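# Quick one: sequence and predicted model below, then my questions.
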Protein chains: 2
Amino acid sequence: MPELRKDPVTGLWVIVGTERPCLADDLRVEPPPADDGPCPLCAGHEHESPPEVLAYRPGGDGAANGPGWRVRVVPNKFAALRVEGDLERRGHGLYDLMNGVGAHELVVESPRHDDDLARLSLAAVEDVLHAFQERMSDLRRDARFRAVVAFKGTPAAARSRVGHPHCELLATPTIPPDLQRELMHARSYFEYRERCLFCDILSQELDEGVRIVVDSEHTVALAPFASQAPFAVWLLPRRHLPGYEQIHLAERRDLARVLRTVLQRLRATLARTPIAFALHSAPFGAGDVSHFHWHLEIVPRTTAPDHTADGSGFPVNPLPPEDAAQMLRAADGKS
Amino acid sequence: MPELRKDPVTGLWVIVGTERPCLADDLRVEPPPADDGPCPLCAGHEHESPPEVLAYRPGGDGAANGPGWRVRVVPNKFAALRVEGDLERRGHGLYDLMNGVGAHELVVESPRHDDDLARLSLAAVEDVLHAFQERMSDLRRDARFRAVVAFKGTPAAARSRVGHPHCELLATPTIPPDLQRELMHARSYFEYRERCLFCDILSQELDEGVRIVVDSEHTVALAPFASQAPFAVWLLPRRHLPGYEQIHLAERRDLARVLRTVLQRLRATLARTPIAFALHSAPFGAGDVSHFHWHLEIVPRTTAPDHTADGSGFPVNPLPPEDAAQMLRAADGKS
C-alpha cells in the first residue's frame, strides 16, 4: 500500500512506494555516449576557457592557466547569467523583472576527460569540496547576490556543454526556489519548536537507523523519510552550521570521505546512471538564517519520473527510502 | 542579455533568454518508438482494463465496456494511489504521514492506437475536455480528496504504461505543490489588490499583444511572461471562474478549438516533440478559493532542461516568450 509522507524540509507530500515492487535494475539509465571531440576543459587546453578564478596545483609551482592542476574553477563560457552590470530591479505593468546578473562557474573535477567523481582520490574529492568553499566565500562578498548553489547537473541537462567531469556554481540575486522552500519550513519549525529542524531529523534518524546509509564522525548520509526519488541521499553535518563556507578542515575531509563512499555505493547499485547533487547553504544578505543547516542533496537520475516529469505536479517515488538505504548499506565494498 | 523575470502566479524568478540564440530545430525531441505489442487501451480490448467509469459512445447504443466509444475513462491499473480505504493521518516522531489514498484514472483519447490529440476531430477533443469536467465533478464529491488534476504526461514518464494516446486524472488528499504555490500567490495578490491576478494578467496581455498566441471568444492562449520552458503556453478563460468543473458548453467548445489549434501549431513548430499539460482547477474542501482562476498549462518537453533537470534549482528558459508567441502565431495553418 503506498503511503503519503510529508517532507518536513520541503513541505511537500510525496507518494512513497507503489503496488509494483521497484528493482534497482529497472531504474538504471545509460548516460549519453561520451563526445570524442577536443575538450576545452582537459589538461593542456587551459587557454580555451576563460581565465581560471581558482586552481589547486599540488605540485606547487605550475603557472596559472597552464597544466599541473588537480581541480580548476573557470567562468562558464555559456553562462546562464552575466557577472557584469547592475540588477536594475523594475516593474512592467503587474510584472517584476531585473537584469540577468549572476555568476556561473565550472568546477573542473579532474584534468582527465574520462574521470568520475566516484573514482577520484580522496584528496581530489576534498579539493572539489574546498573549491566550493572558497568560491562560495568569495561570491557571497558580492552585494548583488543572495545565494550560491554548488551543484552537479546531469549529462542530459549539460547537453550543450562538454562531457568532461565538472560541477557548477551559480550565484544569484534571488534565492533559488528549492532553497527558499527549505528556509521557509526550517524557519516555521524553529519558531514553533525553538530547535533546528535538521538537528532534530539527525537525532530521530540516528535513533531509528533504518534510513541511515553512512554514519561518520562529522557527517551522516541518509535516505530522507519523504524521499522524492529512488536512492536520493542527503549528507547532513552533525554540527549545526547555517553556511557551508564555515566548515572546518576535519569536517571537509570527513565529508569528502562520505561523499565518495555514497557515490561508489550508488555506482555499485545503479551502474553508470547519472548522479546529480546540490549543496544547500544558507543565503545571505536577507535576514536571519541561523535556523538553517547546510546539507548536500544527492539525486540519481534514474528512469523513475520525478515530480515535474510526471505531469500531475505530485511527487511519486516507487522505492521506499528504507529499502534504498538497506541496498546502499549492503553495496559497501562492491564498487 | 538574459533577464530575471518573476512569475506572479508561481512566485518563481526565471532566467529568461540566454546569450546564445535558441532555434526551434535544436529544441525538437523525437519521442520513444511506439510499442507494437497488444494494447489494452485499444478498441476491442476493453476487457483488459478495469471496468470503465465513463465513456462517450456517439452511436448511442453500444454496451458499457464494449467497443463503439470515442473517449473512455478507466481506473489506472497501475495507480500511484489506491481508491479504497481511509487516510489515517498520523505522526511518526517529527514526521507526518497518511495512507496513499486517492483516485488515478486514464482518459483514453481515442480508440485508435496511433492517434494524436492534435489530429483528433473537434468533437473528440471536446469529449476529452468533457470527460475531465464530468470526472472532476464526481471526484470532488469524495470527502477524502482536496484536489483533482487532469494532465497529460510524456512518453518517457509513461514508460511503464502503454503508448496509446491518453491523459490522466489524479485526485489527492493534499493539494499538489504546483497548485498550492499558485493558490498562495493568487491569494496574496487578491488580498493586496482586491482583484484576480489571472484577470489582471489577461487584461495586460491583451493590451500588449506580444505574448498572445490565440485570442478567441472565451479563451486566450498566451506565452507566460516568466515562461519556465520554451514554447510553454497557458490557456486562460476570459470569465473568472475558480473551478473548471463549472464551465459552460460554449466555453468548453471554444476551449477545445483553442487547445487543438495550439497543439497543431506546436506540432508544426516542434514536430513530434512530446507535449505535456496540466489543468489547474481550484481545490475544494479547504477554505475560500474564490480568488483562483482555472487554467490549462501546456509544456512541450523539449531538449531545454527544465529547472529540476538543471540541478541548481533555478528555472532557466533560453527562449523569450515573446519570440515563442511570434513563432506560434506564424505557424498557423502549417500543420
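Structure received. Remember, it's a predicted structure, so these values are computed and weren't measured experimentally.

# For residue A:149, pull up the helix or strand it's in.
Secondary structure from DSSP states H and E places residue A:149 in strand A:147-152.

# Who are the contact partners of the most centrally placed residue in chain A?
Nearest residue to the geometric centre of chain A (C-alpha atoms, centre = their mean): residue A:278, 1.8 Å. If a contact means C-beta atoms under 8 Å, 6 or more residues apart in numbering or on different chains, then residue A:278 has A:149-152, A:178, A:296-297, B:311-313 as its contacts. All C-beta atoms are positioned from the backbone trio N, CA, C, and that covers glycine.

# Identify the farthest-apart pair in the residues you listed.
Spatially, the most separated pair among the contacts of residue A:278 is A:152 and A:178, at 14.6 Å (C-beta to C-beta).

# Residue A:55 and chain B: what is the separation?
Per C-beta to the nearest C-beta, to the nearest Å, residue A:55 is found 23 Å from chain B.

# And residue A:44, by the same measure?
Distance, residue A:44 to chain B, using C-beta to the nearest C-beta: 26 Å.

# do residue A:138 as well
For residue A:138, the distance to chain B - C-beta to the nearest C-beta - is 18 Å.

# Please name the residues that touch that residue.
residue A:53.

# Check it and give its pLDDT.
pLDDT recorded at residue A:138 is 98.

# do the same with residue A:315
85.

# same thing with residue A:308?
44.

# ok, now residue A:36?
Reported pLDDT for residue A:36: 65.

# quick one, helices of chain A?
According to DSSP state H, chain A carries its helices in the segments A:24-27, A:122-139, A:177-193, A:197-208, A:249-270, A:307-310, A:321-330.

# number of nearby residues for residue A:55?
Counted with other C-beta atoms under 10 Å in any protein chain shown, the neighbours of residue A:55 add up to 20.

# Identify the bridge partners of it.
residue A:72 (DSSP bridges).

# Near residue A:25, how many other residues are there?
8.

# no no, residue A:75
Quick note: residue A:75 (other C-beta under 10 Å) scores 16 neighbours.

# where does the stretch 151-300 of chain A dip in pLDDT?
A:155-162 (pLDDT under 70).

# which ones are touching the residue in the stretch 51-200 of chain A that chain B sits nearest to?
Nearest residue of the stretch 51-200 of chain A to chain B (C-beta to the nearest C-beta) works out as residue A:100 at 2.9 Å. Residues near residue A:100 by C-beta under 8 Å, 6+ apart: A:80-82, B:1-4, B:15-17.

# on that earlier part again, tell me which of residue A:152 and residue A:178 has more neighbours.
residue A:152 (23 against 18).

# Enumerate the beta-bridge partners assigned to that one.
Assigned bridge partners for residue A:152, using DSSP bridges, are residue A:277.

# what's the burial count for residue A:114?
11.

# again with the one 5 residues further on
Taking other C-beta under 10 Å as the criterion, the count of residues near residue A:119 is 17.

# Repeat that for residue A:239.
Residue A:239, neighbours per other C-beta under 10 Å, totals 14.

# Isn't it up against residue A:218?
Yes - in terms of C-beta atoms under 8 Å, residue A:239 counts as a neighbour of residue A:218; the distance is 6.9 Å.

# Could you tell me which residues touch both of those two?
residue A:251.

# list the contacts for the nearest residue to residue A:293 once chain neighbours are set aside?
In space, and not counting its chain neighbours, residue A:293 is closest to residue A:198: 3.5 Å by C-beta to C-beta, 6 or more residues apart in numbering or on different chains. With contact set as C-beta under 8 Å, 6+ apart, residue A:198 has these partners: A:9, A:186, A:236, A:240, A:293, A:295.

# and stretch A:324-335, is it in reach of chain B?
No - against chain B, stretch A:324-335 shows no contacts by C-beta under 8 Å from any C-beta of the partner chain, the least distance being 15.1 Å.

# Check the offset of that stretch from the chain's centre.
21 Å (C-alpha atoms, centre = their mean, to the nearest Å).

# which of the residues in that stretch are buried?
A:324-325, A:327-329, A:331 (16 or more other C-beta atoms under 10 Å in any protein chain shown).

# quick one: contacts of it?
For stretch A:324-335, contacts defined as C-beta under 8 Å, 6+ apart pick out A:24, A:118, A:210-213, A:222-223, A:227, A:230-233, A:261-262, A:264-269.

# what do you get for stretch A:45-53?
With C-beta under 8 Å, 6+ apart, stretch A:45-53 has contacts from A:38-41, A:64-67, A:69, A:72-75, A:77, A:105-106, A:135, A:138.
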